[in-house]
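A.B. asks: Sequence and predicted structure are below.
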Amino acid sequence: DAGITQSPRHKVTETGTPVTLRCHQTENHRYMYWYRQDPGHGLRLIHYSYGVKDTDKGEVSDGYSVSRSKTEDFLLTLESATSSQTSVYFCAISPGTGTFYEQYFGPGTRLTVT
Amino acid sequence: AQTVTQSQPEMSVQEAETVTLSCTYDTSENNYYLFWYKQPPSRQMILVIRQEAYKQQNATENRFSVNFQKAAKSFSLKISDSQLGDTAMYFCAFMKLGSSNTGKLIFGQGTTLQVKP
């Protein structure tokens, strides 16, 4: 299995509070992604990174920010959590450069915003 | 923009029988990958099978095979000899290729498959 972990695995927070989710990889892969999974929508891309300090928006980026200061870590921040951000969040990694099909997913983080 | 549609929210099959999950997609791209992912109750996303659009031959992985119809933009998954461990949600996904490729996946809504003993 690819070395990819997410923390925390579960979190309950209140509306309006900031939340940061962490994705950590030991594969030295260049690309990292954050997806959210919601019933009826499958997984949707929030943000992705193509290198240290290089990030870009996905299809559902409003209300989220990301940072990548090291190859191994990709942080997803909800500046002020809302109930609509209750979801399961997945991180994924890929080596890139012709091998994008080798995309590995983390175990997911279930976030509940009350 | 690309879209992926799975029109079967739920399906069931008897153990040892064959089941086919449907997926259609919309794109103007000519170079892309298509995938089927499995998500069991553990929530882990597991790659089941991959198809390169430039390949006419349908991909096969043990009991899993696809029917890739590029002109019709259809990509169905056939599971033969269904096993109880196949019970999961299955996602169809699209990835555009090319010089600006970033590996972004576009997923369908998912199909929940239950294998009954």
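C.D. replies: Yes, it's here.

A.B. asks: looking at it, A:Val19 is touching A:Ala81, isn't it?
C.D. replies: Yes - with contact defined as Cβ atoms under 8 Å, A:Val19 and A:Ala81 form a contacting pair (5.1 Å). In short, each C-beta sits where N, CA and C put it, glycine included.

A.B. asks: buried set for stretch B:77-87?
C.D. replies: Using 16 or more other Cβ atoms under 10 Å in any protein chain shown as the test for burial, stretch B:77-87 gives B:77, B:79, B:82, B:86-87.

A.B. asks: For the residue lying closest to A:Phe105 once chain neighbours are set aside, give me phi and psi.
C.D. replies: Computed as Cβ to Cβ, 6 or more residues apart in numbering or on different chains, the closest residue to A:Phe105 that is not its neighbour in sequence is B:Met45, at 3.8 Å. Backbone torsions for B:Met45, taken as degrees, to the nearest 10, come to phi -90, psi 120.

A.B. asks: Could you give the number of residues near B:Met45?
C.D. replies: 25 (other Cβ atoms under 10 Å in any protein chain shown).

A.B. asks: who's in contact with it?
C.D. replies: A:43, A:90, A:92, A:105, B:37-39, B:91 (Cβ atoms under 8 Å, 6 or more residues apart in numbering or on different chains).

A.B. asks: Against A:Gln85, how distant is it?
C.D. replies: B:Met45 is 20 Å from A:Gln85, where distance means Cβ to Cβ, to the nearest Å.

A.B. asks: go on, A:Thr17?
C.D. replies: The value you get for A:Thr17 to A:Gln85, if Cβ to Cβ is used, is 11 Å.

A.B. asks: Which of those two has more residues huddled nearby?
C.D. replies: A:Gln85 (19 against 12).

A.B. asks: Surely that one touches A:Thr112?
C.D. replies: No - taking contacts as Cβ under 8 Å, A:Gln85 lies outside contact range of A:Thr112: 9.5 Å.

A.B. asks: Which parts of the chain are strands?
C.D. replies: As the question left the chain open, I've gone with chain A. A:4-7, A:10-13, A:19-25, A:31-38, A:42-51, A:54-57, A:64-70, A:73-78, A:87-94, A:104-105, A:109-113 (DSSP state E).

A.B. asks: I was after chain B.
C.D. replies: Assigned by DSSP E, the strands in chain B fall at B:3-5, B:10-14, B:19-21, B:24-26, B:32-39, B:46-52, B:60-61, B:64-69, B:74-79, B:88-96, B:106-107, B:111-116.
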